[in-house]
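In: coords below, sequence missing:
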């Protein structure tokens with residue numbers, strides 16, 4: 001689907017105007033339910049029109065864009081290739097849209113800033129992960145959450161070993177055989193991980209270094225967990241080639257060529273879920289322990305000020321599906337807190353609503369008292 005980055009978030013957060021339109025709808029991926037996508041969009045367009053009327057003269061700039069939104073209704077192919085949510089932003093001059101692997105409620109706002117909290121969850125360290133599926137014949141990269149997975153298509157990622165090394169004769173120089181007992185087919189030359197000769201192991205290592213360079217270019221400095229999916233003996237070689245900072249130690253074992261996206265999701269979420277549970281629970285424990293020392297705060301104004309100074313190490317926010325709808329000022333402050341935390345290299349975690357008494361909490365890199373004495 002569409003890749004949403006920290007830079008995209010920052011650009012949206014920094015844009016201000018008399019009227020900026022933010023639109024979100026939940027969408028369906030497959031089955032008869034995809035028919036609901038266009039219906040939901042058509043329904044929210046009536047809200048968009050109402051918001052434009054309420055904006056008065058400031059809303060006149062959207063008239064041309066509104067015609068373009070209505071034209072989307074006739075794009076049958078596009079509506080059948082959605083993710084879990086759709087986010088659309090209009091400023092009167094351009095329209096930006098992302099199909100996102102996060103379930104969102106229907107939202108339509110017209111304010112001097114964009115509504116960004118649902119999108120911010122895409123950049124959090126909680127529940128988002130990558131899955132790299134690798135064999136001799138195929139390389140696929142996925143972005144997953146607890147409920148969904150979607151394939152990404154980085155231009156730099158090689159399609160297979162032969163294209164990565166640019167050697168056509170690999171078809172003849174590499175042997176394939178099936179290990180029917182274990183169900184893992186399409187293995188590299190050799191009789192298994194233990195007796196790969198040095199030359200072939202070297203070729204595989206070069207293959208993985210190509211993949212690593214593509215991942216580094218595409219993922220940049222992200223810290224979301226990465227899971228390797230492939231036959232067992234390949235994983236140690238991949239670990240040698242990979243310098244991604246959050247590669248998990250447990251792979252999804254077996255030949256991934258036989259697995260579709262849903263099957264890979266079913267196998268990968270149990271691997272990554274404990275990582276998030278530990279991370280979230282540890283952060284909550286640290287916040288409660290940090291309060292008396294001046295490193296834990298839950299006043300939103302203070303959090304924004306700390307985030308502006310790069311003090312926020314970890315920001316905890318309530319799940320966006322919590323029952324209470326935040327007011328306008330709170331939405332703006334949450335936007336600022338999340339964006340500034342991420343920009344300064346901090347982490348943002350979503351926690352169940354009952355775990356926090358206030359909309360957000362922050363663990364600081366150093367105590368307020370320490371900061372005030374500098």
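Out: Done, it's in. Everything numeric in this text was worked out from a predicted model, so none of it was measured.
In: CA only for contacts and neighbour counts going forward, please
Out: Noted.
In: which SS state does residue 249 fall under?
Out: Three-state assignment for residue 249 (DSSP: H, G, I helix; E, B strand; the rest coil): coil.
In: from residue 209, how far off is it?
Out: The gap separating residue 249 from residue 209 is 18 Å, by C-alpha to C-alpha, to the nearest Å.
In: tell me which of the two has more neighbours.
Out: Set residue 249 next to residue 209 and count neighbours by other C-alpha atoms under 10 Å: residue 209 wins out with 19 against 12.
In: not counting sequence-adjacent ones, nearest residue to the more buried one?
Out: residue 241 (5.3 Å; C-alpha to C-alpha, 6 or more residues apart in numbering).
In: my read: the one you found touches residue 212, true?
Out: Yes. With contacts counted by C-alpha atoms under 8 Å, residue 241 reaches residue 212, the gap being 6.7 Å.
In: let me see the backbone angles for the residue nearest to residue 209.
Out: Per-residue torsions, residue 241: phi -90, psi -20 (degrees, to the nearest 10).
In: cool, and residue 252?
Out: Torsion angles, degrees, to the nearest 10, at residue 252: phi -90, psi 110.
In: what residues are up against it?
Out: Residues near residue 252 by C-alpha atoms under 8 Å, 6 or more residues apart in numbering: 227, 228, 229, 230, 267, 268, 271.
In: can you list the weak-confidence ranges in the chain?
Out: Counting by pLDDT under 70, the chain has low-confidence residues at 1, 121, 123-126, 167-197, 320-326, 368-374.
In: residues of the longest helix seen in the chain that come out buried?
Out: Scanning the chain for the longest helix, with DSSP state H as the assignment, gives helix 261-290. Using 16 or more other C-alpha atoms under 10 Å as the test for burial, helix 261-290 gives 261, 264-265, 268-269, 271-273, 276, 280, 283-284, 286-287, 290.
In: widest-spaced pair of the residues you listed?
Out: 261 and 290 (41.1 Å; C-alpha to C-alpha).
In: grab the most central residue of the chain for me.
Out: By C-alpha atoms, centre = their mean, the chain has its centre lying nearest to residue 122, at 4.1 Å.
In: and that one, what does it touch?
Out: Counting by C-alpha under 8 Å, 6+ apart, residue 122 has contacts 4, 100, 101, 102, 128.
In: give me that answer again for 10 Å
Out: Under the criterion of C-alpha atoms under 10 Å, 6 or more residues apart in numbering, the neighbours of residue 122 are 3, 4, 5, 6, 9, 100, 101, 102, 128, 145.
In: and it, how far from residue 231?
Out: From residue 122 over to residue 231 the distance is 30 Å, taken as C-alpha to C-alpha.
In: again, but for residue 3
Out: 28 Å.
In: which of those two has more residues huddled nearby?
Out: Neighbours per residue, other C-alpha under 10 Å: of residue 3 and residue 231, the larger number sits with residue 231, 23 against 15.
In: can you give me the helices in this structure?
Out: Going by DSSP H, the chain shows helices at 6-14, 35-54, 63-72, 76-79, 117-120, 161-165, 170-173, 198-219, 234-241, 261-290, 300-308, 328-343, 368-372.
In: from the contact counts, what lies against the fifth one?
Out: Of the remaining helices and strands, those touching helix 117-120 by 3 or more C-alpha pairs under 10 Å, 6 or more residues apart in numbering; DSSP states H and E are helix 6-14, strand 85-90, strand 95-100, helix 328-343.
In: over to the first one?
Out: In this structure, helix 6-14 packs against helix 117-120, helix 328-343, with contacts taken as 3+ C-alpha pairs under 10 Å, 6+ apart.
In: I would like the residues contacting the first one, please.
Out: When contacts are taken as C-alpha under 10 Å, 6+ apart, the neighbours of helix 117-120 outside the stretch itself are 4-6, 9, 24, 85-87, 98, 100-105, 107, 317, 319-321, 331-332, 334-336, 338-339, 342, 348.
In: shared neighbours of residue 241 and residue 212, which are they?
Out: Taking C-alpha under 10 Å, 6+ apart as the contact rule, residue 241 and residue 212 both touch residue 206.
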